[in-house]
Structures are given as structure tokens and as C-alpha cells.
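**Q** Provided below for reference: sequence and predicted model.
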Amino acid sequence: MHTPATSYRLAVDADDGTFTVTARQTATYRIHLAQGLITGAFSDHLRALAERLEVSQIVLAIDTAAAEHHRGVIGAVARTGLPLGVVPVAAASPGSLPDGLSSLVRAPRQRPPLLLGVGSDVVCTMVRTAAARHLPGLPYALVPTTVQAQIVAGTDSNPGVGHAQDQRHGAYPHHHPAAVYIDPALTSALPPRDVRAGLADAIKLALIINPLLFHLLEKAANPLPAGPAVAAIVEQAVASRLMLLALEPERQLL
């Protein structure tokens, strides 16, 4: 899949689950998507990103409510060999900047850290907002852990709740991540209600642009999709959302 960058604010190349996104013809970032990514190539990808960005450490902003389920993410980040800091983020309080992130604002530094957000769509939005409004120039990456977050994490802000939060906080809507790492296996611990919330976003995209996605959703409708079925749905949904934003950056359809 490829869309030209000359007329639009977004261009996308996709190959083997890695989406390379050129945003506004000025910034390029990759969305890595694979079942089992965190236990596989994630550490190597993250280490390479850190070297390219010349960061001094990785600061992990992780959802306190979900941290217990994502110890594998923390372990994979530790395997990069870079100094690691952890900032607990309370998704229930999206309007406040966590103390750990506030300390990053005040800390003098010659080389910046890489801020890595791990959690739901709310947490990803908090990290994006912190990097855009409070920490200008600080690179950040995202590891979304819910179906909904995985569909929207690599495409600016969520045009629903997340977008409203970005506007309320004064964030810049096109402050793109340095990378996004999507592992559908991370959604395996979600309650059915949260899975359905993400599938609702996928259904919307299927109805607008992607009959194949609609077919995948029909096949996996009962019981709820799991494992490879989730991976296929998320990949098609991410591709559909990127294509829509490339063709129609004002998000009228979304």
C-alpha cells in the first residue's frame, strides 16, 4: 500500500506488518505490528531507535492499572541495555501531568531521554500531550495495549475522546511519535468489554473503506476474536485508518 505525499499530509508504505509513515512531508516514523512483537524483535527495534535518536535513557510511562499485565514490556525495554526510568501514569486522571513527567520538564540535560508510553488510548494521549505541550522536542514512542489504542496510536490523536483531550490540553495535533510498536498479544488480558470497544472502531473503518476487514470481523464475531484473529483485524484497521487520513486529513469520515 502506498499513497503519495505530494498532495496529502500523510504517506504510507506497508510491508510485512511494518508501516512507514511520512507525515506532512517532514517527519518519518514506523509502526511495527506483529503478533509476539514484544517477546521478539521489539528490543532490537527499540535499541536501534534509541541509537538513531541519540537518547540518554528510556523513560517508561506505564499505566498503573495495567502494569502487572505488561511486565514483559518492561523486561524487553531493559534488554536494550539503556538506562531505564519508570513513571507510573494513572489513566483515571488524564487531566493531570504525572509528577515523574513534570520532573522531566525541569531536569537539565544535554541528551534527551526517549519517552515510551505503554497503556490504553488515554495513556498514549497523555504521553503525546506531554511531549507536545510540556516537553517540546522530546522524542516519544508508543506501545498501545488495548485494541482501540492499537488502532489509533500511530495516526495522530484519536478523533474522539483523545482528540478532544489534545485540544483541551493545547497539544499540537501533528506532533508525531518516533515509532509505534503494536503487539496484538498484549490485548489477551483485556476484559470482553474493552475488546468490544476496540472492535467498534474497527467496524466503523470496515464500513467506510475496507470490505476485507468487515469479512474478518464477521468471521470472528462469536466468540470474541483472540490471538491471530485480533492481529489480522488490528493490522487491517490500522492500514484502513492510515489510508483514510492520507486521503482525507480533515477526518470528516472518521
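**A** Okay, I see it.
**Q** how many other residues sit next to residue 192?
**A** If you count neighbours by other C-beta atoms under 10 Å, residue 192 ends up with 9. To be clear about C-beta, it is placed using only N, CA and C from the backbone, and glycine gets the same treatment.
**Q** excluding its backbone neighbours, what's nearest it?
**A** Nearest residue to residue 192, sequence neighbours excluded (C-beta to C-beta, 6 or more residues apart in numbering): residue 224, at 5.7 Å.
**Q** the one you found and residue 198 touch, don't they?
**A** No. Applying C-beta atoms under 8 Å as the test, residue 224 and residue 198 come out as separate, 10.3 Å apart.
**Q** distance of the residue nearest to residue 179 when sequence neighbours are not counted relative to residue 212?
**A** Nearest residue to residue 179, sequence neighbours excluded (C-beta to C-beta, 6+ apart): residue 141, at 4.5 Å. Distance, residue 141 to residue 212, by C-beta to C-beta, to the nearest Å: 29 Å.
**Q** try residue 29
**A** In terms of C-beta to C-beta, residue 29 sits 25 Å off from residue 212.
**Q** for residue 224, helix, strand, or coil?
**A** The assignment at residue 224 comes out as coil when based on DSSP: H, G, I helix; E, B strand; the rest coil.
**Q** so residue 151 is in contact with residue 236, correct?
**A** No. Using C-beta under 8 Å, residue 151 is not in contact with residue 236; the gap is 9.8 Å.
**Q** so what sits against both of these two?
**A** Listed as contacting both residue 151 and residue 236 by C-beta atoms under 8 Å, 6 or more residues apart in numbering are residue 202.
**Q** cool, thanks, signing off.
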